[in-house]
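Trainee: Everything below, folded, please.
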Amino acid sequence: MIKTLPERYTNLRPNITAIMVAWCVLVFLDFSLFLFISRSAFHSHELPVGAQMLLFSESVTLLTLVTLVIGIALAAGAIVIQRYFFGGPRATRIICLLFTSFVWLALIVYGASWGLFWQTGNFVGKQVFLFLAPHPLQVFHWVDFDIAGTIVAAAGASAVILTVAIPRWVAARSPTAQLRLIRTVGWAMGVFAIGALLGTVYSQGGDRKSAKAGIVYARIRENISGPWSFAFAEFVNQTSDSVTGLPLDASLRILQRPLMPVDQYTAWARQKPHHRWNVVLLTVESLRADQLRAYGSNRDVMPALDQLASEARVFLNSYTQSSHTNYATIVPLSSHYPLRSPTMYSYPKNPTYPRVLIYDLLKALGYRTAIFSSSNENWSGMINYLDTGNLDRFIHAANSKKPTYLMAGDAGFAAWARDSSHAGSLDDSTTVDEAIEWLDGVGDNPFFVALNFQNSHLPYPIPPNFPRRFGPAELDFTIRFAHFPKDKTEIVKDVYADSLAYVDSQIQRFIQYLKLKNKWDNTLVVITGDHGQAFYEHGFASHASEIFDEVMRVPLIVRAPGLKAGLENRLAQHVDIAPSITGLLGLPIHPSFQGSDLFSAPMNPNRTAFMVAQTPDAYQYGIIRAGFKLIYDERLREYRLFNLDADPGETQDLATAQPLIVEDLANRLNTWRKVQIDYYSDVTVQEREYPPILSD
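Mentor: Model prediction:
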């Protein structure tokens, strides 16, 4: 007798029911987070409540698919284990352990995604993974241990509930009750699926009256309606090329310059009289311009830098090229814009494109060269870019024998972290010690040395014996990366100021050493910040996020023998630092540089600066020209325009009111994006010319 379909699959009914009940628990969890996390779509004022529920329906529908796929995969795995590996009670225990472990890991990722969104407004996706995975311990001292511990523990408890408690509860129910649960949950899944379909129709409204609302709906769905929607949108969009379709503005002149061997440049340089001054480049992590007296500070945060600024040329309108360190710090050394890919970029070993860093040129002219960095330069492969073979000494957190933040108090962990290139950050006093030790052996040779200071990186650590002048020694709250209580902002600013004061003391110590060794009068010094720091001026904190001026405007101070001190209002950017150094030395500008010599080029009121952010927190591109700043947000697919002269705080978006300015700046910005990425994607072009320059 042929069995009926329900009879044949009677043994599967408890498993199907358990999956359905687990789905209900996950939906409840998702809805709770959707409801209570303030950044979520539920709290958006751009859409009505009905549209918000359609968004949640789409998220639940994706959750349904994920749950079914995982459930089927786990069931298939159980069959394989029972049939080919183990049998009996032993198989049951192994399957239960494997299933619980798998679900636990999946819930950790899910919880981490919501945790990241709570702090930064972005869910975990492919780009987040690529950003963090290569060197997870590099951010170890930024991790919120209380949140991380809660997520891990809650995920473990939830995994036990889903894989152990729920199946046992279901097994105790009668077959009739199980079928009733399956039907009820099935209807609920259908209702959510209909809501998802209506949401899709709503977001693709064509010429309907609600078309604008549909655009907003689609944007919110892709960014803040939950980890499932975010992951799906990233999957759908990963094959799209946002750059290939960009048009080139034919009215803009693109300069293409052939490669020049270093020995050819050296012969050219030696034909001209030039100075053999020492060169020092000091980069301070997260240094906002407004922390110095010359840039408007009303307190003495960094007195040593303030004193140096009084003896130097100070550029008041200076910008970094990026809001995050892995893009920003290499630009002053290379004079190359950091945009190399449509997506987040890590520097490969032996890159195909040419790079001529400032110390490559000086090394060829007989200089001793070195980098001393408190940071771990393995981050995003920066070391691959910086290590050109022309550094006599390259010390950073991963190869220094001195303890780092992550190593203190655990010698065994310290050795492992150092040997595996997973070190944290050096204290800046150690970095200065390393530099001084090296300089003691340089003798009378001219030298180039770059120092990268890191104590001003969040969470702003300073030694306990360093006197605090601004903030309290103990806090009753946690300063998290990109998140802290908004009502504590002024206190956090004071803690940040104390960290800058400590960095300042180390800079002063280094300057005093140069003076003591009679090297100061023959030394060119450049000081800048890799980027600034945000304190909720535009709704976010820290950096590596949106490219507003609190993050992008940085000090640029240049002191050179015989250079007249004073203030300059011309637009300057990090790509200008290397050509300005060679210009002050009397050397020709190398054709690879994409910036200008700030001391010889005439002031141009229509000069253009470009900037980029490609991080888990932001995908943005920006241009500054003639007092206006245009920001394109690729995730939101929208432009924002600000008049920096009339609105330095970037509070009034003029994009709608000034469409012609938006069009002009957008053409320039998109042309720059296209020529940059086209160049770095074409090895044959890289073999014959340097990165292009978009002429002003």
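Trainee: in a strand, that's where residue 361 is, yeah?
Mentor: No - according to DSSP: H, G, I helix; E, B strand; the rest coil, residue 361 belongs to no strand; its state is helix.
Trainee: Could I get the full set of strands for the stretch 201-350 of the chain?
Mentor: 254-255, 278-284, 313-319 (DSSP state E, counting those that start in this stretch).
Trainee: residues making contact with the shortest one?
Mentor: Outside of strand 254-255, the residues within contact range by CB atoms under 8 Å, 6 or more residues apart in numbering are 248, 671, 675, 692-695. (Glycine included, C-beta is placed from N, CA and C.)
Trainee: Please identify the most buried of the strands of the stretch 201-350 of the chain.
Mentor: Among the strands of the stretch 201-350 of the chain, strand 278-284 has the highest mean neighbour count (mean count of other CB atoms under 10 Å), at a mean of 24.
Trainee: That one pairs with which strands?
Mentor: Using DSSP bridges, the strands paired with strand 278-284 are strand 447-453 (parallel), strand 523-529 (parallel).
Trainee: returning to that earlier point: make JSON lines from the strands of the stretch 201-350 of the chain and add distance to residue 301 to it.
Mentor: JSON lines is the format used below for the strands of the stretch 201-350 of the chain (distance: least, CB to CB, whole Å):
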{"stretch": "strand 254-255", "distance to residue 301": "40"}
{"stretch": "strand 278-284", "distance to residue 301": "11"}
{"stretch": "strand 313-319", "distance to residue 301": "16"}
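Trainee: Between those strands, which one is closest to residue 112.
Mentor: Nearest to residue 112, of all those, is strand 278-284, at 31.1 Å by CB to CB.
Trainee: Return the subset of the contacts of strand 254-255 lying in strands.
Mentor: 693-694 (DSSP state E).
Trainee: Closest to residue 167 out of the contacts of strand 254-255?
Mentor: Distances from residue 167 to the contacts of strand 254-255, taken by CB to CB, are shortest for residue 675, at 58.5 Å.
Trainee: Neighbours of the residue nearest to that closest one when sequence neighbours are not counted, how many?
Mentor: The spatially closest residue to residue 675, leaving aside those adjacent along the chain, is residue 692, at 4.8 Å (CB to CB, 6 or more residues apart in numbering). Applying other CB atoms under 10 Å, we find 19 residues neighbouring residue 692.
Trainee: Give the burial count for the nearest residue to residue 630 once chain neighbours are set aside, as a bare number.
Mentor: Distances taken as CB to CB, 6+ apart place residue 665 nearest to residue 630, at 4.0 Å, with adjacent residues excluded. Neighbour count for residue 665, taken as other CB under 10 Å: 24.
Trainee: residues contacting residue 456?
Mentor: The neighbours of residue 456, taking CB under 8 Å, 6+ apart as the test, are 284-287, 496, 499-500, 502-503.
Trainee: Could you rerun that using 6 Å?
Mentor: Counting by CB atoms under 6 Å, 6 or more residues apart in numbering, residue 456 touches 285-286, 499-500, 503.
Trainee: Ok, residue 269 next?
Mentor: 587-588.
Trainee: Quick check, pLDDT for it.
Mentor: Predicted confidence (pLDDT) for residue 269: 93.
Trainee: before we move on, what about the one 3 residues further on?
Mentor: Among the per-residue scores, residue 272 shows a pLDDT of 87.
Trainee: tell me the SS of the residue nearest to residue 462 when sequence neighbours are not counted?
Mentor: Excluding its sequence neighbours, the residue lying closest to residue 462 (CB to CB, 6+ apart) is residue 502, at 4.2 Å. The three-state label given to residue 502 by three-state DSSP is helix.
Trainee: dump the residue contacts of residue 502.
Mentor: Residue 502 touches 455, 462, 466, counting by CB under 6 Å, 6+ apart.
Trainee: Which of those fall in helices?
Mentor: Assigned to helices by DSSP state H, none of the contacts of residue 502 qualify.
Trainee: Can I get the contacts of residue 456 in CSV including neighbour count and pLDDT?
Mentor: Output for these, formatted as CSV (neighbours: other CB atoms under 10 Å; pLDDT from 0 to 100):
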residue, neighbour count, pLDDT
285, 27, 96
286, 27, 96
499, 28, 97
500, 27, 98
503, 28, 98
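Trainee: just curious, which of the residues you listed is nearest to residue 198?
Mentor: Checking the contacts of residue 456 one by one against residue 198 (CB to CB), the nearest turns out to be residue 286, at 45.6 Å.
Trainee: residues touching the closest one, list them.
Mentor: 456-457, 533.
Trainee: rerun that using 7 Å as the cut-off
Mentor: 456-457, 529, 531-533, 543 (CB atoms under 7 Å, 6 or more residues apart in numbering).
Trainee: ok, now residue 610?
Mentor: 337, 623, 672.
Trainee: ok, now how distant is residue 53 from residue 66?
Mentor: Distance of residue 53 to residue 66, given as CB to CB, to the nearest Å: 20 Å.
Trainee: To residue 297, which of the strands paired with strand 278-284 lies closest?
Mentor: strand 523-529 (13.6 Å).
Trainee: so what pLDDT did the residue nearest to residue 675 get?
Mentor: pLDDT, read off for residue 692, is 96.
Trainee: surely it meets residue 678?
Mentor: No - here residue 692 does not reach residue 678: they are 8.6 Å apart, not a contact under CB atoms under 7 Å.
Trainee: low-confidence ranges in the stretch 201-350 of the chain?
Mentor: 205-214, 237-245 (pLDDT under 70).
Trainee: how does it look with 80?
Mentor: Applying pLDDT under 80 to the stretch 201-350 of the chain flags the ranges 202-224, 233-250.
Trainee: Over stretch 120-129, what's the mean pLDDT, rounded is fine.
Mentor: Mean pLDDT, stretch 120-129: 72.
Trainee: And the chain, split by domain according to the record?
Mentor: Following the assignment in automatic domain parsing, the chain carries domains at 10-237, 254-694.
Trainee: Buried deepest among these, which one?
Mentor: domain 254-694 (a mean of 19).
Trainee: so which strand or helix has residue 458?
Mentor: Counting by DSSP states H and E, no helix or strand carries residue 458.
Trainee: Same question for the one 10 residues further on.
Mentor: Assessed by DSSP H and E, residue 468 sits outside every helix and strand.
Trainee: residues contacting the closest residue to it other than its chain neighbours?
Mentor: Nearest residue to residue 468 in three dimensions, chain neighbours excluded: residue 498, at 4.8 Å (CB to CB, 6+ apart). Residue 498 makes contacts with 460, 462, 468-471, as judged by CB under 7 Å, 6+ apart.
Trainee: mind running it again at 8 Å?
Mentor: 460, 462, 466, 468-471.
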